[in-house]
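Asks: Below is the structure, and that's it, no one-letter string:
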């Protein structure tokens, strides 16, 4: 009898141990599965496409932070969104916004200007709730003095003023009358200043008139003829060569093409303190 009781107790104890072992295994498995799930969640969060994450952000939030997400740009150089404008830049028929990114002028009133280092055109969907396309505009400028602003020649005939920190840095309009807005911007800083004329060509924003790295100023515009007059100064020492060119919009090439060109040479008159034209 004692032997039977001892055998029964052993069976009960073994069964209890087995149950505890199975319960322990189940708990460990659950913990492992939970840990694996948590780990997978973390990994997935780290590799989720920015485009997926953007679906939970507003359009304005995306625009505000967009330049900081472009790997090709030097982030410390680009800066933050400074301002934005709206227009018909690509002909999409939807809302279109161009954001300009950079660093504002010095807040100490010491005359040190700011810098715009990047610009992007955001094309929204028909409801204005999502961004369908983004186009980079290869533009930058340094704005140091009011004198540079006054010398740009960006007159009202070229469209609505683009203002930044109280300065006119460009104009926007359909000056060439082809159905979409062009950007007439001005670049200053370094050894030269010149305009940038940008327009969308179906795939991206291109310069529709290029001047090279010389001091260049707009001296006149004719909206009826779609003509723009340009003064280009080669060098700053006396004598100085100056070329005055006129360009007219060409519907075939979709560029401003050279219409007339005139080269003159000037020397500095120390007595009159002004430049005077030299005889041939």
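Replies: Everything's here; your move. In this text the structure is predicted, and so the values were computed from the model without any measurement.
Asks: drop to CA atoms for contacts and neighbour counts, all remaining ones
Replies: Noted.
Asks: Confirm for me that residue 160 is in contact with residue 173.
Replies: Yes. Between residue 160 and residue 173 there is a contact under C-alpha atoms under 8 Å: 6.6 Å.
Asks: Looking at these two, which is more packed in?
Replies: The residue with more neighbours, out of residue 160 and residue 173, is residue 173; 21 against 15, by other C-alpha atoms under 10 Å.
Asks: Identify the residues contacting the more buried one.
Replies: Contacts for residue 173 (C-alpha atoms under 8 Å, 6 or more residues apart in numbering) come out as 158, 159, 160, 180, 181, 182, 183.
Asks: Just the closest of these to residue 141, please.
Replies: Distances from residue 141 to the contacts of residue 173, taken as C-alpha to C-alpha, are shortest for residue 183 (14.0 Å).
Asks: Just name whatever secondary elements the helix or strand encompassing that closest one is in contact with.
Replies: Assigned by DSSP states H and E, residue 183 belongs to strand 182-187. For strand 182-187, the packing partners by 3 or more C-alpha pairs under 8 Å, 6 or more residues apart in numbering; DSSP states H and E come out as strand 141-142, strand 167-173, strand 194-200.
Asks: again, only using 10 Å
Replies: Under the contact definition 3 or more C-alpha pairs under 10 Å, 6 or more residues apart in numbering; DSSP states H and E, strand 182-187 sits against strand 141-142, helix 146-150, strand 160-164, strand 167-173, strand 194-200, strand 205-209, strand 215-222.
Asks: Parallel or antiparallel, list what pairs with it.
Replies: Strand pairing for strand 182-187, using DSSP bridges, gives strand 167-173 (antiparallel), strand 194-200 (antiparallel).
Asks: Looking at those, which is nearest to residue 142?
Replies: strand 167-173 (9.9 Å).
Asks: between the helices and strands packed on strand 182-187, which has the poorest average model confidence?
Replies: Mean pLDDT is lowest for helix 146-150 out of the helices and strands packed on strand 182-187, coming in at a mean of 53.
Asks: Touching both of residue 160 and residue 173, which residues are there?
Replies: Common contacts of residue 160 and residue 173 (C-alpha atoms under 10 Å, 6 or more residues apart in numbering): residue 184.
Asks: Quickly list what residue 261 is bridged to.
Replies: Beta bridges link residue 261 to residue 245, judged by DSSP bridges.
Asks: Number of residues surrounding the nearest residue in space to residue 233 that is not next to it in sequence?
Replies: Once flanking residues are discounted, residue 233 sits nearest to residue 242: 4.6 Å by C-alpha to C-alpha, 6 or more residues apart in numbering. When neighbours are defined as other C-alpha under 10 Å, residue 242 has 19 of them.
Asks: swap in the one 5 residues further on?
Replies: One way to gauge burial is a neighbour count; for residue 247, by other C-alpha under 10 Å, it gives 20.
Asks: surely residue 165 meets residue 107?
Replies: No. Using C-alpha atoms under 10 Å, residue 165 is not in contact with residue 107; the gap is 11.0 Å.
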